[in-house]
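Student: My questions concern the predicted model and sequence given below.
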Amino acid sequence: MNEQMVYDKAKYHIEGDFPEGLDKSQAYVPTGFFVAWLAMNNFASEEISFNFKNEVDSLRSRRAYPSSLYRAVGGVLSEDMLTAEGNAFTQQYFDFDHGQYLDDYDELLSEHLPSFFHVADTWENYDILAKRIGERSMVWKKNLRKH
């Protein structure tokens, strides 16, 4: 049996080097923005889209915070939550060691804050980052077509 790839867990951060005195809900924000983008761009698996339909609909209509789906799925981002294309993009872009996501997040949102976790869970911040993720996704798709 193959072990499932887990890209991130909020728990890793809460139990790790999480800023003292900061509300634990902030541990969901960095990855929560990415999960929201994946869901709203049809990279979520059918199971997530079906089982968390209300949460996905709330994201699309902006009735919930951007990180709400990530919270609803227990603060876990794993391969079974994504389509094949979603996994391929996530493996390349979201990889903490070699991907660009954390660099983009830091450059656009947290560079002048005490930590990644101090970014407010707002649609304004999401929109700033979502634009960059969309650009990265388009470049990624173009590069796939070349190979």
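Tutor: Ah, there it is.

Student: the helices in this structure, which residues?
Tutor: Across the chain, reading from the start of the chain, the helices by DSSP state H fall at 10-14, 29-40, 46-51, 53-60, 68-72, 84-93, 101-105, 123-146.

Student: So Asn41 sits against Met138, correct?
Tutor: No - applying C-beta atoms under 8 Å as the test, Asn41 and Met138 come out as separate, 11.0 Å apart. (Each C-beta comes from the backbone N, C-alpha and C, glycine too.)

Student: Who has more neighbours out of the two?
Tutor: Using other C-beta atoms under 10 Å, the more surrounded residue of Asn41 and Met138 is Asn41, with 15 against 10.

Student: how near is the more buried one to Leu82?
Tutor: Counting by C-beta to C-beta, to the nearest Å, the gap from Asn41 to Leu82 is 11 Å.

Student: How far off centre is stretch 39-56?
Tutor: Its chain's C-alpha centre and that of stretch 39-56 lie 13 Å apart, by C-alpha atoms, centre = their mean, to the nearest Å.

Student: Quick one: end-to-end distance for that stretch.
Tutor: End-to-end distance for stretch 39-56, by C-alpha to C-alpha, to the nearest Å: 7 Å.

Student: Which positions within it qualify as buried?
Tutor: Ala39, Met40, Phe43, Ala44, Ser45, Ile48, Ser49, Phe52, Glu55, Val56 (16 or more other C-beta atoms under 10 Å).

Student: wait, isn't the fourth one in contact with Leu38?
Tutor: In other words, Ala44. Yes - at 5.7 Å, Ala44 and Leu38 qualify as touching, with contact defined as C-beta under 8 Å.
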